[in-house]
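[1] Pasting the sequence and the predicted model now:
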Amino acid sequence: MMDTHAHLIVSGLVQGVGFRYFVMNQARRMKLTGWVKNLHTGEVEICVEGSRGLIESLIQNLRVGNGWSRVNDIQIQWEKITNQYTGFDITY
């Protein structure tokens, strides 16, 4: 059941280390929808929709990272679901 939307800004060593692919694979495995992209600030932006519990699990996985990344902080904004995504992709 799609019940919430989260807008995340992830900071740390999250560019040039395969982090976006890690996010995409984790989100797809959890059947979440949305997108991930690099920001010019060196941060990674994620918009994700799905059950709050699954999104919270995704956030926990992001904090651990993929072995090459180092997450210092995740800003989380919970919003009303939009149901505008059909899958989870990397965007530019």
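    Happy to help now that I have it.
[2] Please make it C-alpha for all contacts and neighbour counts, starting now.
    Noted.
[3] element containing the residue most central in space within the chain?
    What sits nearest the mean C-alpha location of the chain, by Cα atoms, centre = their mean, is Ile46, with 4.1 Å. Per DSSP states H and E, Ile46 falls inside strand 44-50.
[4] Give me the residues contacting whichever helix or strand comes after that strand.
    Following strand 44-50 in sequence order, the next helix or strand is helix 52-64 (DSSP H and E). Outside helix 52-64, the residues within contact range by Cα atoms under 8 Å, 6 or more residues apart in numbering are 3-4, 6, 23, 26-27, 30, 32, 48-49, 70-72, 74.
[5] Sort out which of those are in strands and list them.
    4, 6, 48-49, 70-72, 74 (DSSP state E).
[6] and the gap between Leu58 and Ser69?
    15 Å (Cα to Cα, to the nearest Å).
[7] If we go by neighbour counts, what in stretch 35-50 is buried?
    35-38, 43-50 (16 or more other Cα atoms under 10 Å).
[8] Distance to Ser11 for those - can I get that in CSV?
    Listed next are the buried residues of stretch 35-50 as CSV, based on distance: Cα to Cα, whole Å:
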residue, distance to Ser11
Trp35, 16
Val36, 13
Lys37, 12
Asn38, 10
Glu43, 5
Val44, 7
Glu45, 9
Ile46, 11
Cys47, 15
Val48, 17
Glu49, 20
Gly50, 23
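[9] top of the contacts of helix 52-64 by neighbour count?
    Compared across the contacts of helix 52-64, Glu49 has the highest neighbour count, 30 neighbours, by other Cα atoms under 10 Å.
[10] I'd guessed Phe88 sits against Arg29; true?
    No: contact criterion Cα atoms under 8 Å: Phe88 and Arg29 do not qualify, at 9.9 Å.
[11] So those two - more neighbours on which side?
    Phe88 (22 against 11).
[12] Tell me the predicted confidence for that one.
    According to the prediction, Phe88 has pLDDT 98.
[13] quick one, phi psi at it?
    For Phe88, the backbone dihedrals are phi -130, psi 120 (criterion: degrees, to the nearest 10).
[14] Fine, thanks again, bye for now.
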